[in-house]
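A.B. asks: Attaching a predicted model along with its sequence, questions to come.
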Amino acid sequence: MKKNKGLTKFFVNFLIFTLVIWSLIGVSIPLMIDPVSHYVYTDSDWDGFSYVPEYNHSDWNVLLDSHSHTYYSDGDLSPRQNLLWHMAMGFNAMVLTDHNTFEGIEEIKQIARTEFNDSIKVLAGMEWTTDRLHMNIILPPTVTAEEYETLATFNSYSYTPTDEEIQEIITSTHALGGIIMVNHILWSEDFCFNQPTREQLTIWGIDYIEVVNEEVFDNESYYFCLDNGLGMLASTDMHFPEPVYAWTTLNTTEFTEEAIFAQLQARQTGILFDGIASPYPIEHEINPGYIALLPLIRFGEIFRSMYSSGMLGTQLAILFAYFYGIFFLVEGIRALVKKIIQIVRTKKAEKRIE
């Protein structure tokens, strides 16, 4: 009877342990994918701060960021805060490229035009994010997001698109006069599977390669663009406010969205790059929620590392072997301690009887 009771308790503990482990996984992976912001941001955070990199003002009059995000995808900032940060860091033009959505485009354009008196120009974009590659779609000012979504079928494709589906996105974008930029090829080599080669992408008709992403300068892509007549862009890929390493430069006769886009179409861009980050003395308020959830976020990052390694199945098996190995070890020690205590008590009882 006692044996059956002990076995039942073991299985109950096993089920509880399994439930706890899978609950942790179920919570930590979403937190890793879309983590709670490290800081709490306010619109006044950038008051009194302004940085402009040194450059030849006679050659260039537009500093553009071709890749940034807001909380409409996985960024931390609102559209207004996104603009405030860009202006503080010297940009007077930007492309909003939230992942797989145009949702914040009209809002950020309206803020730029009415609240900031068009001192910063905004182009409509989207980062088409898949398991094979990330591409920025940049729309001409005359085309609305709704018009593009009517023509393009990017939402109907799987997360792992075929070569033909990638080519269709490029073709659909060009049919409306749009521009295609392939993002962070070096990053994608580690985190995407079967990324098309630069040669394939060129044949398929891309316009630009992002040769600078945050602080990473893609030397191979830089020379590839020079050799193959592709355009080059430098981007912050801003998800949260931070120092800047690079700006894309353009020269326009008019400071309008149309003139900026026309220069992009003509591939008349330059790049300012500094391996030393720009100043960023702003101290944002730490978010207590982030600190509280940090262990779960870090736990979720284990699974991202497994996924990017290409050995997800093997490493999951090893991880669960560790988990359940610890469980059986603890249960074994618990049973052993219980047995020892029982033996000691029995001996003490025998001595009393004697």
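C.D. replies: Thanks, I have it.

A.B. asks: for the residue most central in space within the chain, helix, strand, or coil?
C.D. replies: With distances taken as C-alpha atoms, centre = their mean, residue 74 lies nearest the centre of the chain, 6.3 Å away. Secondary structure for residue 74, judged by DSSP: H, G, I helix; E, B strand; the rest coil, is coil.

A.B. asks: Which of the helices and strands in the chain ranks last by mean pLDDT?
C.D. replies: None of the helices or strands of the chain scores lower by mean pLDDT, DSSP states H and E than helix 145-151, at a mean of 79.

A.B. asks: which parts of that one are buried?
C.D. replies: Residues of helix 145-151 classed as buried under the neighbour-count rule (16 or more other C-beta atoms under 10 Å) are 145, 148. Bear in mind the C-beta positions are built from the backbone N, C-alpha and C, glycine included.

A.B. asks: the helices in this structure, which residues?
C.D. replies: All helices of the chain, identified by DSSP state H, fall at 2-33, 79-88, 105-114, 145-151, 163-175, 185-191, 198-204, 219-228, 257-265, 288-309, 312-353.

A.B. asks: As JSON lines, these with distance to residue 95 would be great.
C.D. replies: Shown next, in JSON lines, are the helices of the chain (distance: least, C-beta to C-beta, whole Å):
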{"stretch": "helix 2-33", "distance to residue 95": "23"}
{"stretch": "helix 79-88", "distance to residue 95": "10"}
{"stretch": "helix 105-114", "distance to residue 95": "10"}
{"stretch": "helix 145-151", "distance to residue 95": "13"}
{"stretch": "helix 163-175", "distance to residue 95": "13"}
{"stretch": "helix 185-191", "distance to residue 95": "18"}
{"stretch": "helix 198-204", "distance to residue 95": "19"}
{"stretch": "helix 219-228", "distance to residue 95": "18"}
{"stretch": "helix 257-265", "distance to residue 95": "9"}
{"stretch": "helix 288-309", "distance to residue 95": "27"}
{"stretch": "helix 312-353", "distance to residue 95": "33"}
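
A.B. asks: Identify whichever of these lies nearest to residue 59.
C.D. replies: helix 257-265 (12.6 Å; C-beta to C-beta).

A.B. asks: buried stuff in that closest one?
C.D. replies: Using 16+ other C-beta under 10 Å as the test for burial, helix 257-265 gives 257, 259, 260, 261, 262, 263, 264.

A.B. asks: ok, so what distance separates the second one from residue 119?
C.D. replies: Between residue 259 and residue 119 the distance, using C-beta to C-beta, to the nearest Å, works out to 15 Å.

A.B. asks: Show me how far the strand ranked longest in the chain is from its chain's centre.
C.D. replies: Using DSSP state E to define each element, the chain has its longest strand at strand 121-129. Centroid displacement of strand 121-129 relative to its chain, using C-alpha atoms, centre = their mean, to the nearest Å, is 15 Å.

A.B. asks: quick one: low-confidence parts of the stretch 1-150 of the chain?
C.D. replies: 1-4 (pLDDT under 70).

A.B. asks: Can you report how many residues neighbour residue 328?
C.D. replies: Using other C-beta atoms under 10 Å, residue 328 has 13 neighbouring residues.

A.B. asks: Could you do residue 41 as well?
C.D. replies: Neighbour number of residue 41 under other C-beta under 10 Å is 22.

A.B. asks: Spit out the contact partners of it.
C.D. replies: Contact analysis of residue 41 by C-beta atoms under 8 Å, 6 or more residues apart in numbering lists 76, 77, 78, 81, 241, 284.

A.B. asks: now do residue 282
C.D. replies: Going by C-beta under 8 Å, 6+ apart, residue 282 touches 45, 46, 49, 241.

A.B. asks: and if we set it to 10 Å?
C.D. replies: The contact partners of residue 282, by C-beta atoms under 10 Å, 6 or more residues apart in numbering, come to 39, 41, 45, 46, 47, 48, 49, 85, 88, 241, 242, 243.

A.B. asks: any idea how far the nearest residue to residue 67 once chain neighbours are set aside lies from residue 210?
C.D. replies: Spatially, and ignoring its direct neighbours in sequence, residue 67 is nearest to residue 235 (3.4 Å; C-beta to C-beta, 6 or more residues apart in numbering). Look at residue 235 and residue 210: by C-beta to C-beta, they are 5 Å apart.

A.B. asks: picking that back up, now do the longest strand of the chain and helix 163-175, the angle between them.
C.D. replies: Between strand 121-129 and helix 163-175, the angle comes out at 170 degrees (axes from the mean of the first three to the mean of the last three C-alpha atoms, to 10 degrees).

A.B. asks: Put the alpha carbons of strand 121-129 into CSV.
C.D. replies: Only the C-alpha atoms of strand 121-129 are listed here, as CSV (Å, rounded to 0.1, in the frame of the first residue of the first chain):
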residue,chain,number,x,y,z
LYS,A,121,10.0,63.6,-44.3
VAL,A,122,8.5,60.1,-44.0
LEU,A,123,8.3,57.5,-46.7
ALA,A,124,5.9,54.5,-46.4
GLY,A,125,7.6,51.2,-46.0
MET,A,126,7.3,47.7,-44.6
GLU,A,127,9.9,45.0,-43.7
TRP,A,128,8.6,41.8,-45.3
THR,A,129,9.9,39.4,-42.7
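
A.B. asks: could you give me the average pLDDT of stretch 225-241?
C.D. replies: The pLDDT scores in stretch 225-241 average 97.

A.B. asks: Could you give me the buried positions within it?
C.D. replies: Residues of stretch 225-241 classed as buried by neighbour count (16+ other C-beta under 10 Å): 225, 230, 231, 232, 233, 234, 235, 236, 237, 238, 239, 241.
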